[in-house]
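Engineer: only geometry, no sequence info:
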C-alpha cells in the first residue's frame, strides 16, 4: 500500500524507508555511485584551487623571476612599450584575472562542501534518533499493527542543488574564458598571414602608434632600451640609425665594453650592433603570447573534467528528488 506522509509503526517499515533513502543516494550514473562522484568532486575542488595558483605563478613569476637581476626583466619592459589594448597585455591581465577566479570558485565550493557535509551528518544523526524513538513506541504500543502514526516529513533542502548548478555555470564560464584566451593568442600571432615577419611588422606598428616614431621611442625610453640592448645584443628599435647627434648611441649598444671609453660616440662606430631590437623583442613577445595561450588551453581541460562529474551529480540529485 502506498504511504502518503505516514509511516507504519512496524520497525521493518522504518528499515525499508531508510533503505529507500540510501538507495536513492547511492544510485548510479555512468556506472559510478553518487557518493563516489561527490568524493571525486571534493578532490577536484583542491585540484582546481592549485591549478589557479599555478596559472598565477606562471603568469607572474615568469615575468618577475625571484632572486634574479635586471637582465630577466625584459618581458615587463617589452610590455611597457605596448598599449594596454595590445594582445600581449590583454592576455596577460585576463589570465591573471582567470587565475584569481579559479582560486575563488574553488575556495567557495570547498567551504560549501564542508558546510553541507556537516549539515547532512547532523541531519542523519537526528534521523537516527527519530527512528530509534519510533522503534521504542512501536515495541511498547498495544494498538493494532496496521495503525498508522502521522509523522511530519522533513523538507528536502534544495540549496545544495542550486549551489551545484551555480558551480557548473562557473566552470562553464571559466572554460569559455580560457578557451577564448587560447584562440585569441593563436590568432594574434598567426592572424597576420605573413608568419614571423608579419608579426614583427605588426609589433613595430603597435609600438610606434603607441609611443611615436623609432627615434622618439629610443629618446623617451633610454632605461628601457638600455636593458633590451644589453639583453638582446641590439641597438635601437629598428636599427642603430634611430640614434642621432641629439641622442648619441649609448654604450649599451657596444659589442665589447671598454672602461672610460665611450665607444658609441666614436665617429666610426665599428664596435656597436647595427641590428635593431624589434625583431628579437617581437620574437619574445610572440613566444610568450603562445605560452600564455597554451597555459589557458591546458588548464581549461581541467574544467571539462569537473563539468562532466558535476553534471552527472546534478542529474542524480534531481532524479533522487523526483523518485
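Structural biologist: In hand now; what should we look at? Here the structure is a predicted model, which means the values were calculated and not measured.
Engineer: got the contact list for residue 290?
Structural biologist: By Cβ atoms under 8 Å, 6 or more residues apart in numbering, the contact list for residue 290 reads 185, 186, 189. Placement of C-beta: from N, CA and C, glycine included.
Engineer: Then residue 220?
Structural biologist: Here residue 220 is in contact with 211, 212 (Cβ under 8 Å, 6+ apart).
Engineer: Please apply the same query to residue 305.
Structural biologist: Taking Cβ under 8 Å, 6+ apart, one finds residue 44 in contact with residue 305.
Engineer: Spell out which helix or strand contains it, please.
Structural biologist: Element membership for residue 305, per DSSP states H and E: helix 278-322.
Engineer: Please apply the same query to residue 77.
Structural biologist: Using DSSP H and E, the element containing residue 77 is helix 74-80.
Engineer: ok so, going back, any idea how far the helix holding residue 305 is from the chain center?
Structural biologist: Its chain's C-alpha centre and that of helix 278-322 lie 7 Å apart, by Cα atoms, centre = their mean, to the nearest Å.
Engineer: can you check stretch 91-99 too?
Structural biologist: Using Cα atoms, centre = their mean, the offset of stretch 91-99 from its chain centre is 8 Å.
Engineer: Please identify the helix or strand for the closest residue to residue 210 other than its chain neighbours.
Structural biologist: Distance criterion Cβ to Cβ, 6 or more residues apart in numbering; nearest residue to residue 210, sequence neighbours excluded, is residue 83 at 4.4 Å. Per DSSP H and E: residue 83 is located in neither a helix nor a strand.
Engineer: wait, doesn't residue 83 sit right on residue 203?
Structural biologist: No: applying Cβ atoms under 8 Å as the test, residue 83 and residue 203 come out as separate, 11.9 Å apart.
Engineer: and the residue nearest to residue 210, what does it touch?
Structural biologist: Neighbouring residues of residue 83 by Cβ under 8 Å, 6+ apart: 89, 206, 209, 210.
Engineer: Please identify, among these, the one with the most neighbours.
Structural biologist: Ranked by the number of neighbours (other Cβ atoms under 10 Å), those place residue 206 first, at 19 neighbours.
Engineer: distance of the residue nearest to residue 210 from residue 310?
Structural biologist: Counting by Cβ to Cβ, to the nearest Å, the gap between residue 83 and residue 310 amounts to 39 Å.
Engineer: before we move on, what about residue 120?
Structural biologist: Distance of residue 120 to residue 310, given as Cβ to Cβ: 18 Å.
Engineer: got it, and residue 40?
Structural biologist: For residue 40 relative to residue 310 (Cβ to Cβ), the value is 10 Å.
Engineer: Any buried residues in stretch 36-50, and which?
Structural biologist: Across stretch 36-50, burial judged by 16 or more other Cβ atoms under 10 Å covers 37, 38, 40, 41, 44, 45, 48, 49.
Engineer: Find the residue at the geometric middle of the protein.
Structural biologist: Nearest residue to the geometric centre of the chain (Cα atoms, centre = their mean): residue 99, 3.8 Å.
Engineer: I'd say that one and residue 48 touch.
Structural biologist: No: taking Cβ under 8 Å as the definition, residue 99 is not a contact partner of residue 48, at 11.2 Å.
Engineer: in which helix or strand would I find residue 247?
Structural biologist: With DSSP H and E as criterion, residue 247 is part of no helix or strand.
Engineer: what's near enough to touch residue 282?
Structural biologist: Contacts for residue 282 (Cβ under 8 Å, 6+ apart) come out as 196, 199, 200, 203, 204.
Engineer: try 6 Å this time
Structural biologist: The contact partners of residue 282, by Cβ atoms under 6 Å, 6 or more residues apart in numbering, come to 200, 203.
Engineer: how close does it sit to residue 213?
Structural biologist: Distance of residue 282 to residue 213, given as Cβ to Cβ: 17 Å.
Engineer: try residue 283
Structural biologist: Distance from residue 283 to residue 213, by Cβ to Cβ: 22 Å.
Engineer: Over to residue 311?
Structural biologist: Distance, residue 311 to residue 213, by Cβ to Cβ: 55 Å.
Engineer: which one of the two has more residues nearby?
Structural biologist: residue 311 (16 against 13).
Engineer: Excluding chain neighbours, what is closest to the more buried one?
Structural biologist: The shortest distance from residue 311 to any non-neighbouring residue, by Cβ to Cβ, 6+ apart, is to residue 168 (6.2 Å).
Engineer: how deep is the one you found tucked in, by neighbour count?
Structural biologist: For residue 168, using other Cβ under 10 Å, the count is 16.
Engineer: hang on, it packs against residue 312?
Structural biologist: No: using Cβ atoms under 6 Å, residue 168 makes no contact with residue 312, being 10.5 Å away.
Engineer: Next up, the contacts around residue 224.
Structural biologist: Residues in contact with residue 224 (Cβ under 6 Å, 6+ apart) are residue 77.
Engineer: wait, residue 167
Structural biologist: The contact partners of residue 167, taken as Cβ under 6 Å, 6+ apart, are 109, 310.
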